[in-house]
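Participant: Pasting the sequence and the predicted coordinates here, then a few questions.
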Amino acid sequence: HAKALGRGRAEHFSEFLAAQIAERAQLESDLRTAVDKDQFALVFQPQVSAADGRIVGAEALLRWRHPDGLKLPGAFIQRAEETGLIVEIGDWVVSSVAETISRWGRMGIQQRLAVNISQRQIDHAEFFRRLRAAMHAARAPASLLELEITETLAMHCSSEVLDAISALRADGASVAIDDFGTGYSNLARLRQLPIDRVKLDRSLIEHVVEQPEARTIAQAVIGLVHGLGCEAVAEGIESDAQAAVLRVIGCDVLQGYAVATPMAEDEFLAWARDVEPRRIAG
Ligand code: C2E
Ligand code: MG
Ligand code: MG
Ligand code: MG
């Protein structure tokens, strides 16, 4: 009887595995279709100065207009990385960001636009050449581009990649460490990285209102970031109370639902005009 039960479980498990493998294969083929059929889109989330609420830039975030409905990166980015499709998708993102910077420039809107870059993209030797080509083709100034690389990626990238990043910075682009506080940083290495901004992960700022210890840690991290000559950005600000605390403990830039959610381009532009009617002409 026990044996029969065991066999039943094993069958159940292999059915489960088969279903999972089929689902992954489906996702992979859907992702290929998405690349071919141009199903990707960008949304834009504002970043504002903690001191006066002025817009200092925006982060471009990827969306997939899947036939079954809009998909967030959490549903497909990892698979895109595993299959290498992220290289093509990432090229689309970088080109779109370059074109967006250029289009906004023609409208008189000079906003820095941040783009997320994943490990697999940056490992590809040609990545930086294609990025430069995309910026050049769109006539987008490097000074309005920011690369976001995660803390973990920054800790592990090769000296060739660091050199390429430094060269891009020499052209005026900026670099932000994303999701800081979720990985393991070698502080000696952090000091040597060519970076301009450090984005404190949401988990670091989540409890700053009700937990004094969380506030102490966030404040110490901001001190560290400033000590490195960088700006501190808080991501995932969900309440005005969090924004107030971060302002008091010296954070430079705020990003999160409490400021604005990620928006489609026209919505973003309307929002930007609304908060800064004098700086951004209609
Ligand atoms: P991330 O770069 O850390 O982006 C921040 C994420 O937090 C975004 O999720 C954003 O919508 C969300 N967010 C913003 N404000 C709040 C808030 O107040 N509360 C909460 N709970 N969440 C907030 P999203 O758009 O789903 O993106 C998730 C991740 O996917 C990004 O994390 C980034 O790592 C990756 N990603 C997004 N776009 C791209 C892309 O174009 N290329 C690559 N390689 N990765 C991307
Ligand atoms: Mg990011
Ligand atoms: Mg982040
Ligand atoms: Mg994050």
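Facilitator: Yes, it's here. Ligands and ions are numbered 1, 2, ... in the order given.
Participant: Just the helices from the stretch 101-250 of the chain, written as ranges.
Facilitator: Remark: helices assigned in the stretch 101-250 of the chain by DSSP state H, counting those that start in this stretch are 119-123, 127-138, 151-156, 159-170, 187-192, 202-205, 212-227, 240-248.
Participant: Tell me which of those sits most buried.
Facilitator: helix 202-205 (a mean of 20; mean count of other Cβ atoms under 10 Å). The C-beta positions use only the backbone N, C-alpha and C, and glycine is treated the same way.
Participant: Could you pull up the residues touching the most centrally placed residue in the chain?
Facilitator: The centre of the chain sits closest to N116, judged by Cα atoms, centre = their mean, with a distance of 3.8 Å. Residues near N116 by Cβ atoms under 8 Å, 6 or more residues apart in numbering: E59, A60, L61, L62, V93, E148, D178.
Participant: Let me know the closest of the residues you listed to ligand 3.
Facilitator: Closest approach to ligand 3 among these (Cβ to the ion): D178, at 4.2 Å.
Participant: wouldn't G57 be in contact with Q110 here?
Facilitator: No - using Cβ atoms under 8 Å, G57 makes no contact with Q110, being 9.8 Å away.
Participant: And these two? Which one has more around it.
Facilitator: G57 (23 against 14; other Cβ atoms under 10 Å).
Participant: Can you give me the neighbour number for the residue lying closest to that one once chain neighbours are set aside?
Facilitator: In space, and not counting its chain neighbours, G57 is closest to R112: 3.5 Å by Cβ to Cβ, 6 or more residues apart in numbering. For R112, the neighbour count with other Cβ under 10 Å is 17.
Participant: Report the separation between V56 and A34.
Facilitator: 32 Å (Cβ to Cβ, to the nearest Å).
Participant: Neighbour count for those two, which is higher?
Facilitator: A34 (22 against 18).
Participant: and the residue nearest to the centre of the chain, what are its bridge partners?
Facilitator: E148 (DSSP bridges).
Participant: And the pLDDT at it?
Facilitator: The model reports N116 with a pLDDT of 98.
Participant: could you say what helices and strands the host helix or strand of R273 packs with?
Facilitator: Element membership for R273, per DSSP states H and E: helix 265-275. Contacts defined by 3 or more Cβ pairs under 8 Å, 6 or more residues apart in numbering; DSSP states H and E place helix 265-275 against strand 40-49, strand 55-66.
Participant: Go again with 10 Å.
Facilitator: Helices and strands touching helix 265-275, by 3 or more Cβ pairs under 10 Å, 6 or more residues apart in numbering; DSSP states H and E, are strand 40-49, strand 55-66, helix 86-106.
Participant: Quick check: the gap between R191 and V225.
Facilitator: For R191, the distance to V225 - Cβ to Cβ - is 11 Å.
Participant: ditto for L113
Facilitator: Counting by Cβ to Cβ - L113 and V225 are separated by 21 Å.
Participant: For this structure, which residues are neighbours of ligand 3?
Facilitator: Applying Cβ under 5 Å from the ion, we find that the chain lies next to ligand 3 at D178, D179, E235.
Participant: Save those as a markdown table, and put in neighbour count and pLDDT too.
Facilitator: A markdown table is the format used below for these (neighbours: other Cβ atoms under 10 Å; pLDDT from 0 to 100):
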| residue | neighbour count | pLDDT |
| --- | --- | --- |
| D178 | 24 | 96 |
| D179 | 20 | 94 |
| E235 | 23 | 97 |
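Participant: and ligand 2, which of those residues reach it?
Facilitator: Okay, of the residues of the chain next to ligand 3 touching ligand 2 (Cβ under 5 Å from the ion), that's D178.
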